[in-house]
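S.K.: Quick one: sequence and predicted model below, then my questions.
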Amino acid sequence: MKTNDKIRCAWCGQDELYMKYHDEEWGKPVYDDRVLFEFLILETFQAGLSWITILRKRENFRAAFDKFDYKKVAKYSEDKIAELMDNEGIIRNGLKIKAAVTNAQAFMEVQKEFGSFSNYIWGFTGGKPLENNRKTLKDIPATTPLSDQISKDLKKRGFKFVGSTVVYAHMQATGMVNDHVADCWIMNEISNGEQRTAND
């Protein structure tokens, strides 16, 4: 889809926030644990909802969850959970809010075992993005055998709301897989040798 003189992946449509997210974040490799945790929590809250709904509430989530400081989130009390349930700026789903606390605790256990969550999650792709060379939006799956594998492993480690669809969305968002379609301007940028890095 062509918007602002650029051809983008069709899913972001004409929405300015969506286009900005597509251009600046989606599919860009992320190796920082705090950012990986942010996307993990946002993706779990997205389950059953549209991503644009989460994006529009992202700053509210950041404020509510201490800028996604997993060390703080892991220690949230019942009073804090009740406070979050009263917060109209986020998705007030009790199971998902409690899952955020559980996932922060599991996240830190993974860090202890692997040195960082990044080491763990990127280990599934050998530390590099998987280039999928998608032709059109229809070619992009909701899950893959790899997201199935990661989902199963995360669940085994105590993570909640990490079904294969959530995991694959997380992989796309954090650049573990490159699902930009062939005619997207970002794909053209990459093919021209201007490879993006985690710190761009």
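M.R.: Good, I have the coordinates.

S.K.: Could you list the low-confidence segments of the protein?
M.R.: By pLDDT under 70, the weakly predicted segments of the chain are 1-4, 190-200.

S.K.: Please, where are all the strands along it?
M.R.: Applying DSSP state E to the chain gives strands spanning 2-3, 6-7, 130-131, 177-178.

S.K.: So for the lengthiest helix in the chain, what gets flagged as buried?
M.R.: With residue count as the measure and DSSP state H as the assignment, the chain has helix 94-114 as its longest helix. Residues of helix 94-114 classed as buried by neighbour count (16 or more other Cβ atoms under 10 Å): 96-101, 103-108, 110-111. Where C-beta positions appear, they are placed from N, C-alpha and C, glycine not excepted.

S.K.: closest one to Asp32 among the strands of the chain?
M.R.: Ranking these by distance to Asp32, with Cβ to Cβ as the measure, places strand 177-178 first at 17.9 Å.

S.K.: Paired strands for that closest one, with orientation please.
M.R.: strand 130-131 (parallel) (DSSP bridges).

S.K.: Contacts for the strand it pairs with next, please.
M.R.: Applying Cβ atoms under 8 Å, 6 or more residues apart in numbering, the external contacts of strand 130-131 come out as 146, 176-178.

S.K.: Grab the CA positions of stretch 114-125 and hand them over as PDB.
M.R.: Below are the C-alpha coordinates for stretch 114-125, written out as PDB (Å, rounded to 0.1, in the frame of the first residue of the first chain):
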ATOM      1  CA  PHE A 114      21.000 -17.800  29.900                       C
ATOM      2  CA  GLY A 115      22.600 -14.500  31.000                       C
ATOM      3  CA  SER A 116      19.900 -12.500  29.300                       C
ATOM      4  CA  PHE A 117      16.500 -13.100  27.900                       C
ATOM      5  CA  SER A 118      17.900 -11.900  24.600                       C
ATOM      6  CA  ASN A 119      20.400 -14.800  24.600                       C
ATOM      7  CA  TYR A 120      17.600 -17.200  25.200                       C
ATOM      8  CA  ILE A 121      15.100 -16.000  22.600                       C
ATOM      9  CA  TRP A 122      17.600 -15.200  19.900                       C
ATOM     10  CA  GLY A 123      19.100 -18.600  20.400                       C
ATOM     11  CA  PHE A 124      16.100 -20.100  18.500                       C
ATOM     12  CA  THR A 125      17.300 -18.300  15.300                       C
END
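
S.K.: ok, Asn103 - contacts?
M.R.: The neighbours of Asn103, taking Cβ under 8 Å, 6+ apart as the test, are 40-41, 44, 159-162.

S.K.: most surrounded residue in those residues?
M.R.: In terms of neighbours by other Cβ atoms under 10 Å, these top out with Leu40 at 27 neighbours.
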